[in-house]
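> I'd like to go over a predicted model; first the sequence, then the structure.
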Amino acid sequence: MNKDILICGVGGQGTVLASRIIAASAMAEGHVVHSAETIGMAQRGGPVTSHVRIGEDAHSPLIPVGKADIIIGFEPSEVVRNLPYLAEGGLAIVNTTAIKPVTASLTDSGYDGSEMLDHLEKNVSCIFADGDKECQKLGSVKFLNILLLGIAAGSGRLGINRETMESEIEKRVPPKFREANLQAFSQGYEIGKTNEEDKS
């Protein structure tokens, strides 16, 4: 299997953990994996992009422009910013909840992500998820990263078994949050599965 996955969001959303779970799951299934993170200057609120490359064809940890099979986007504007990486026919999984950047807060630009979502809907194949709404069912927005991983797995595009990913989640989250994270993954899995079934 050869698969290039780009994960993007802002600091504090759990993007790095999400990329590590994908990488560890792929390695557990016997695949060669390269990964890298680029983190913005602000620890919280700055852009974070993680590249995960699975398979023998990857000779660098960074995904070339136009080669990502999947973008998992934690914030609409970050997905648009990274859209050049998406391959033709690739899938974008997008959290529709916008996070206003510091610059927008200072200028009161009124950014709410709607223009970004319109652009994505018109131009690429997407699965949209209202992260805030879905995470309310789980009791915390801190489960967004695992929810989005579940959507990616449920879509069938990730190419990694559900059980393998659940095992890696169990290894990487504190015991007191384990059950809630597995629930978040399962909830996301059903969203991804339903969306792909609707398209077929």
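All right, it came through fine.
> which other helices and strands contact the biggest helix by length in the chain?
In terms of residue count, the longest helix belonging to the chain (DSSP state H) is helix 175-199. Counting contacts by 3 or more Cβ pairs under 8 Å, 6 or more residues apart in numbering; DSSP states H and E, helix 175-199 is packed against strand 125-129, helix 131-136, helix 144-154, helix 162-172. Quick note: C-beta positions are derived from backbone N, CA and C, even for glycine.
> the same query, at a cut-off of 10 Å, please.
Helices and strands touching helix 175-199, by 3 or more Cβ pairs under 10 Å, 6 or more residues apart in numbering; DSSP states H and E, are helix 15-28, strand 86-95, strand 125-129, helix 131-136, helix 144-154, helix 162-172.
> of those, which is nearest Met116?
Smallest distance to Met116 across the helices and strands packed on helix 175-199 (Cβ to Cβ): 8.7 Å, for strand 86-95.
> how about the closest one: buried residues?
Within strand 86-95, the residues scored as buried using 16 or more other Cβ atoms under 10 Å are Leu86, Ala87, Gly90, Leu91, Ala92, Ile93, Val94, Asn95.
> for stretch 191-200, same thing?
For stretch 191-200, burial by neighbour count (16+ other Cβ under 10 Å) applies to Ile191, Gly192, Lys193, Asn195, Glu196.
> contacting residues for the last one?
Under the criterion of Cβ atoms under 10 Å, 6 or more residues apart in numbering, the contact partners of Glu196 comprise Leu91, Ile127, Ile151, Gly154, Ser155, Gly156, Arg157.
> would you mind measuring from it to Arg157?
8 Å (Cβ to Cβ, to the nearest Å).
> same check on the third one?
In this structure, Lys193 and Arg157 are separated by 11 Å, where distance is defined by Cβ to Cβ.
> point out where the chain drops to low pLDDT.
39-45, 100-109, 199-200 (pLDDT under 70).
> in this protein, which residue is closest to the centre?
Ile72 (2.7 Å; Cα atoms, centre = their mean).
> tell me what that residue is bridged to.
Beta-bridge pairing of Ile72 under DSSP bridges involves Ile7, Ile93.
> hmm, Leu158 and it touching each other?
Yes: using Cβ atoms under 10 Å, Ile72 is in contact with Leu158, at 9.3 Å.
> neighbours of the residue lying closest to Tyr85 once chain neighbours are set aside, how many?
Leaving aside its sequence neighbours, Tyr85 sits nearest to Ala68 (Cβ to Cβ, 6 or more residues apart in numbering; 4.3 Å). When counting by other Cβ atoms under 10 Å, one arrives at 26 neighbours for Ala68.
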